[in-house]
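> Structure for this input, please:
(2 chains)
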Amino acid sequence: AQKITQTQPGMFVQEKEAVTLDCTYDTSDPSYGLFWYKQPSSGEMIFLIYQGSYDQQNATEGRYSLNFQKARKSANLVISASQLGDSAMYFCAPYRNQFYFGTGTSLTVIP
Amino acid sequence: SQTIHQWPATLVQPVGSPLSLECTVEGTSNPNLYWYRQAAGRGLQLLFYSVGIGQISSEVPQNLSASRPQDRQFILSSKKLLLSDSGFYLCAWSAARTGRNNSPLHFGNGTRLTVT
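The predicted model follows:
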């Protein structure tokens, strides 16, 4: 299994502000994908954004973007203009042959 | 479009009883299938994955087993449940990887299992 580190167990952000959730991983493979998922209190896992290791540009998807630093093995999720509905657990998942998940970051958006 | 069904949504079972959780996928062929477990307040632990009928790989040795009797059916079982088997079980599928393109995981709604 890969080692995946999400160093922020809990984060708070003011509504309408931007927030960055950290993720680092350990892989020697040159080709892999990096996924981020959101898990609200209901438990469902929602796919947010994907970055391929060969992609030249950082991925963006609406208010979500990735700060991908391949040499540092880091793929931080940036959520812009936070909304109350963004309060949830967030997991990063590097993919090579399997999906392994980090321990997650709990994000709370404060009105 | 593809959908994934997982049942039951909640389950309370006594220690030592058997377990069978079922997951089916619609709208795709030859998916990769996965079982994950999530303890309360924790991350997701990969239990089993399958790339085809009858092909099961286990990530963590335990008293659970998985089977794939049909292309789009994945079953998680136990002969005798332990208290430590309590958790949130999630089934997921992804399309087979092609070249450098990676398909995301698509999750079912999960089963909350409480072993008493």
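> Burial check on the residue in chain B that chain A sits nearest to, number of neighbours?
Closest to chain A within chain B is B:Asn102: 3.5 Å, counting by CB to the nearest CB. C-betas here are computed from N, CA, C, even on glycine. B:Asn102: 22 surrounding residues under other CB atoms under 10 Å in any protein chain shown.
> quick one: contacts for A:Ala93?
Neighbouring residues of A:Ala93 by CB atoms under 8 Å, 6 or more residues apart in numbering or on different chains: A:Ile4, A:Leu34, A:Phe35, A:Trp36, A:Tyr37, A:Phe99, A:Tyr100, A:Phe101, A:Gly102, B:Leu105.
> One more pass at 7 Å, please.
By CB atoms under 7 Å, 6 or more residues apart in numbering or on different chains, A:Ala93 lies in contact with A:Phe35, A:Tyr37, A:Phe99, A:Tyr100, A:Phe101.
> can I get those residues in a markdown table with pLDDT, distance to chain B and secondary structure?
Shown next, in a markdown table, are the contacts of A:Ala93 (pLDDT from 0 to 100; distance: CB to the nearest CB, whole Å; DSSP: H, G, I helix; E, B strand; the rest coil):
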| residue | pLDDT | distance to chain B | secondary structure |
| --- | --- | --- | --- |
| A:Phe35 | 93 | 6 | strand |
| A:Tyr37 | 97 | 8 | strand |
| A:Phe99 | 85 | 5 | strand |
| A:Tyr100 | 87 | 6 | coil |
| A:Phe101 | 91 | 4 | coil |
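> ok, of the residues you listed, which one's closest to A:Tyr25?
Distance to A:Tyr25 across the contacts of A:Ala93 (CB to CB) is lowest for A:Tyr100, with 8.6 Å.
> so that closest one makes contact with A:Ile4?
Yes. Here A:Tyr100 reaches A:Ile4: they are 6.1 Å apart, a contact under CB atoms under 7 Å.
> Common neighbours of those two, please.
A:Pro94.
> For chain A, which segments count as strands?
A:3-5, A:10-14, A:19-21, A:24-26, A:33-39, A:46-52, A:60-61, A:64-69, A:74-79, A:88-95, A:105-110 (DSSP state E).
> Can you flag the weakest of the ones you listed by average pLDDT?
The minimum mean pLDDT among these belongs to strand A:3-5 (a mean of 87).
> Pull up the pairing partners for it, direction included.
Partner strands and pairing direction for strand A:3-5 (DSSP bridges) are strand A:24-26 (antiparallel).
> which residues touch the partner strand?
For strand A:24-26, the surrounding residues in contact (CB under 7 Å, 6+ apart) are A:Gln2, A:Lys3, A:Ile4, A:Thr5, A:Lys73, A:Ser74, A:Pro94.
> what about A:Ser74, neighbour count?
Residues near A:Ser74, counting by other CB under 10 Å: 17.
> Any figure for the gap between the residue nearest to it when sequence neighbours are not counted and chain B?
Of all residues not flanking A:Ser74 in the chain, A:Thr24 sits nearest, at 4.9 Å (CB to CB, 6 or more residues apart in numbering or on different chains). Counting by CB to the nearest CB, to the nearest Å, the gap from A:Thr24 to chain B is 15 Å.
> same deal with A:Gln6?
According to CB to the nearest CB, A:Gln6 stands 8 Å off from chain B.
> Next up, the contacts around A:Phe35.
Contact analysis of A:Phe35 by CB under 7 Å, 6+ apart lists A:Phe47, A:Tyr50, A:Ala93, A:Tyr95, B:Pro104.
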